[in-house]
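Novice: Could you work out the structure for the sequence below:
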Amino acid sequence: MSKKLRCDLITLARLIHQCSTLLNAGMGLLPALRTLSSQQDDPALSVVLPAICAKVESGHGLARCMADYPGVFNNATVFLVRAGEESGRMDSLFERLAAWLEKDSQVWQRTRQAMVYPATVLATAVLLGWLLFTFFLPPFFEAFTSSGEALPLLTQIVLLATRVVGHPLSWLTGLLGLWAFRRAFWSLWLNPQRKTRFFLVLRSIPVLGKAVRLTATVRMANCLSVLLDCGLPLVRSWGLAAAASGDAALEADSKRVLEEIRQGETLAHALGDHPLYPRGFSSMLGAAEEAAAIPATLNSLAQVYDQEVEYVIQTLSVLFEPIFIAGLALIVVVILLAVLLPLYGTLNQLG
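Specialist: Here you go, the predicted model:
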């Protein structure tokens with residue numbers, strides 16, 4: 001049951017920020033959790049927080065309790081809370097954690113907003129196509145076929161598409177195909193090797209791959225900065241930050257990077273000029289490593305890459321818009337020609 005509970009980043013960031021405010025006001029951790037538990041409207045948190053309060057009251061650590069709900073609290077959040085418990089700086093830890101979650105939610109929000117326009121255009125095209133092939137075109141084609149005249153090839157193709165779309169078996173086949181695709185994609189997502197290959201393919205797509213690479217780097221840099229600021233060692237923080245990036249390719253490569261660091265190599269040497277990371281990322285971290293200023297450098301890099309992500313997403317929107325408009329225009333022209341060509345032949349015969 002705990003694995004099925006889900007909470008979005010915005011709601012979680014708000015919860016952590018409220019908890020930080022109560023702790024800074026001098027309230028203890030358990031009273032703060034109880035107060036927040038009584039004020040929750042989120043379905044997942046309204047279940048999770050009372051259970052956590054009961055476990056904390058019985059002597060369990062907060063991080064251990066949060067780890068029981070992976071759908072609500074990710075691994076990086078759990079490790080950050082554990083670091084705060086060990087250091088005794090829960091109030092400052094919650095401030096940093098809330099700031100990181102807010103940044104992370106902003107990255108995801110911008111990515112979702114970039115997909116709104118293509119998804120809207122695609123849904124509109126599907127709806128219009130369904131209305132045309134189901135209600136508008138069949139009467140025309142029935143009149144054409146009843147006349148006994150030979151139909152142009154384009155009209156025959158559109159007629160066949162109309163019959164396919166209007167047949168109940170095609171809808172059943174489509175639903176089964178969607179179910180099979182969802183099942184196959186979920187199987188791919190649960191397989192680490194296939195998931196890694198999927199992200200590598202995604203990264204190889206022009207423009208889109210750059211947006212994926214920069215977004216993952218921004219999330220990783222923000223998380224790594226907070227983890228290092230809270231006192232976690234680099235060997236422990238790098239893998240958590242890679243997992244928090246949401247990019248399976250980065251998560252898989254983190255094992256190689258950590259192995260080289262354990263063998264005594266510097267972070268810059270371990271990263272090298274690997275194509276998974278933006279150009280200049282390793283050299284900047286190398287300079288920061290020498291100056292013992294990795295967290296501050298990561299924050300600066302995250303801001304720079306965040307601005308570049310916004311620019312790339314705008315570029316994608318500019319590219320997608322004419323492509324979708326041209327696609328819709330092509331569909332409309334094909335349908336109009338399929339209807340007008342037989343009418344033109346009939347008019348010629350009448351003339």
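
Novice: State whether N75 and A242 are indeed in contact, as I suppose.
Specialist: No - here N75 does not reach A242: they are 10.7 Å apart, not a contact under Cβ atoms under 8 Å. C-beta: built from backbone N, CA, C; applies to glycine.

Novice: neighbour-wise, which of those two wins?
Specialist: For N75 versus A242, neighbours defined as other Cβ atoms under 10 Å are more numerous around A242 (27 against 13).

Novice: Enumerate every residue touching that one.
Specialist: By Cβ atoms under 8 Å, 6 or more residues apart in numbering, the contact set of A242 is M220, L250, E251, D253, S254.

Novice: Mind listing the shared neighbours of N75 and A242?
Specialist: Counting by Cβ under 8 Å, 6+ apart, nothing touches both N75 and A242.

Novice: that older thread, now the contacts of A242 as TSV including pLDDT and secondary structure?
Specialist: Shown next, in TSV, are the contacts of A242 (pLDDT from 0 to 100; DSSP: H, G, I helix; E, B strand; the rest coil):
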residue	pLDDT	secondary structure
M220	86	helix
L250	89	helix
E251	88	helix
D253	90	helix
S254	89	helix
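
Novice: Sort out which one of those residues lies nearest I323 for me.
Specialist: Among the contacts of A242, L250 lies closest to I323 (Cβ to Cβ), at 29.1 Å.

Novice: how far away is the closest one from C223?
Specialist: 11 Å (Cβ to Cβ, to the nearest Å).

Novice: Mind giving me the packing neighbours of the helix or strand that contains L175?
Specialist: Assigned by DSSP states H and E, L175 falls within helix 168-190. If contacts are counted by 3 or more Cβ pairs under 8 Å, 6 or more residues apart in numbering; DSSP states H and E, helix 168-190 sits against helix 192-204.

Novice: I'd like the average pLDDT over the helix it packs on.
Specialist: Across helix 192-204, pLDDT averages out at 88.

Novice: which parts of that helix are buried?
Specialist: K195, T196, F198, F199, L200, L202, R203 (16 or more other Cβ atoms under 10 Å).

Novice: which ones are touching the fifth one?
Specialist: Neighbour list for L200: A249 [criterion: Cβ under 8 Å, 6+ apart].

Novice: Repeat that for the fourth one.
Specialist: F199 makes contact with V212, D247, A248, A249 under the criterion Cβ under 8 Å, 6+ apart.

Novice: repeat for the second one
Specialist: The neighbours of T196, taking Cβ under 8 Å, 6+ apart as the test, are A248, A249, E251, A252.

Novice: how about the helices in the stretch 51-200 of the chain?
Specialist: Assigned by DSSP state H, counting those that start in this stretch, the stretch 51-200 of the chain shows helices spanning 62-66, 75-87, 90-131, 137-146, 153-166, 168-190, 192-204.

Novice: between those helices, which gets nearest to W238?
Specialist: Closest among the helices of the stretch 51-200 of the chain, using Cβ to Cβ: helix 75-87, at 11.5 Å.

Novice: circling back: how about JSON lines for the helices of the stretch 51-200 of the chain, with distance to A329 added?
Specialist: Below are the helices of the stretch 51-200 of the chain laid out as JSON lines (distance: least, Cβ to Cβ, whole Å):
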{"stretch": "helix 62-66", "distance to A329": "52"}
{"stretch": "helix 75-87", "distance to A329": "46"}
{"stretch": "helix 90-131", "distance to A329": "11"}
{"stretch": "helix 137-146", "distance to A329": "18"}
{"stretch": "helix 153-166", "distance to A329": "16"}
{"stretch": "helix 168-190", "distance to A329": "25"}
{"stretch": "helix 192-204", "distance to A329": "29"}
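
Novice: ok, the closest residue to F140 other than its chain neighbours - contacts?
Specialist: In space, and not counting its chain neighbours, F140 is closest to V339: 5.5 Å by Cβ to Cβ, 6 or more residues apart in numbering. V339 is in contact with L137, F140, T155, counting by Cβ under 8 Å, 6+ apart.

Novice: Between the residues you listed, which sits nearest A292?
Specialist: Set against A292, the nearest of the contacts of V339 by Cβ to Cβ is L137 (70.3 Å).

Novice: So for L250 and C223, which residue has more residues nearby?
Specialist: When L250 and C223 are compared for neighbours, C223 comes out ahead with 28 against 24, by other Cβ under 10 Å.

Novice: what angle do whichever strand or helix holds that one and helix 192-204 make?
Specialist: Per DSSP H and E, C223 falls inside helix 208-229. When axes from the mean of the first three to the mean of the last three Cα atoms, to 10 degrees is applied, the directions of helix 208-229 and helix 192-204 differ by 120 degrees.

Novice: distance between helix 208-229 and the chain's centre?
Specialist: In terms of Cα atoms, centre = their mean, to the nearest Å, the centre of helix 208-229 is found 13 Å from the chain centre.

Novice: Please apply the same query to stretch 141-153.
Specialist: Using Cα atoms, centre = their mean, the mean C-alpha position of stretch 141-153 is found 49 Å from that of the whole chain.

Novice: Please consider this matter closed, and thank you.
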